[in-house]
Structure formats: C-alpha cells, structure tokens
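>>> based on what follows, work out the 3D shape:
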Amino acid sequence: MGLTIDIERSSDETLIRVAGEVDLYSSPELRKTILAAVPSVEAGLAIHLSGVTYIDSSGVATLVEGMRSAREYEIGFVLVAPSPAVTQVLELARLDSVFEVR
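Residues are numbered from 1 along each chain as shown. This next block holds a predicted model:
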C-alpha cells in the first residue's frame, strides 16, 4: 500500500491526514508536506494518523522534524488518533510522551 496525504485547512488548524505506509521511500513526501505547511499555519498543525498501517524510524524522524519546525514557528503540533501501528512504534521509541496526542 502506498501513501496518501490530504490537507484540510481551517481557521483553527491545518490537518494533514495520512494513510498507508510511512517508510524510507514515502517519508520524504510526508516530510515535504509537513515542512511546507508549517510556515503558513496560523494556530496549529495536526497530523491525523489513524490510517497509517506501518511506520518505520524514517517516518518517526519525519514527525520529530515536523514538531521541531512547528516549535521554531511557535505553532502547535499534535498527532491525532494514531493507529495501533504508530502508537506501538512511538511507545517503543519512548516518544509517546514527547508528542502531544489527541
């Protein structure tokens, strides 16, 4: 399964909905999308991950880089509804307490 990325903008936040596999080959596309969105976001950036079936260390690194970029711009960065696959990897990497998750 490939990767699909959809962007929804509102006055409160920008939502990036991700589905499929986030791996070494697809994470650059997600990285580009997140980093391009950060400067134009007014309040916060939410990454919706319920549709992610697989994520590897490159995908996690992409999320960490997105969070750092959001902090530089002083905007919120939150992970929304991470799938069990994402939750498991975040817990193994002990990053579940680093990200804001809702």
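>>> shouldn't Leu49 be in contact with Val18?
Yes: applying CB atoms under 8 Å, one finds Leu49 in contact with Val18, separated by 5.7 Å. The C-beta positions use only the backbone N, C-alpha and C, and glycine is treated the same way.
>>> comparing the two, which shows the higher neighbour count?
The neighbour comparison of Leu49 against Val18 (other CB atoms under 10 Å) goes to Val18, with 29 against 24.
>>> state the mean pLDDT of the host helix or strand of the more buried one.
Secondary structure from DSSP states H and E places Val18 in strand 14-22. When pLDDT is averaged over strand 14-22, the result is 97.
>>> what lines up beside the biggest strand by length in the chain in the sheet?
The longest strand of the chain (DSSP state E) is strand 44-55. According to DSSP bridges, strand 44-55 forms sheet pairs with strand 14-22 (parallel), strand 76-80 (parallel).
>>> most packed of the ones you listed?
strand 14-22 (a mean of 21; mean count of other CB atoms under 10 Å).
>>> which strands and helices lie in contact with the next helix or strand along the chain from that strand?
Per DSSP H and E, the first helix or strand lying C-terminal to strand 14-22 is helix 27-37. Helices and strands touching helix 27-37, by 3 or more CB pairs under 8 Å, 6 or more residues apart in numbering; DSSP states H and E, are strand 3-9, strand 14-22, strand 44-55, helix 57-72.
>>> compute the inter-axis angle for helix 27-37 and strand 76-80.
Orientation check (axes from the mean of the first three to the mean of the last three CA atoms, to 10 degrees): helix 27-37 against strand 76-80 gives 140 degrees.
>>> gap between the longest strand of the chain and the chain center?
5 Å (CA atoms, centre = their mean, to the nearest Å).
>>> cool, stretch 40-60 as well?
Counting by CA atoms, centre = their mean, stretch 40-60 is centred 2 Å from the centre of its parent chain.
>>> returning to what we had before: tell me the mean pLDDT over the longest strand of the chain?
For strand 44-55, the mean confidence score works out to 97.
>>> can you tell me what sits against that strand?
1, 4, 12-23, 34, 37-38, 59, 63, 66, 70, 75-83, 85-86, 89 (CB atoms under 8 Å, 6 or more residues apart in numbering).
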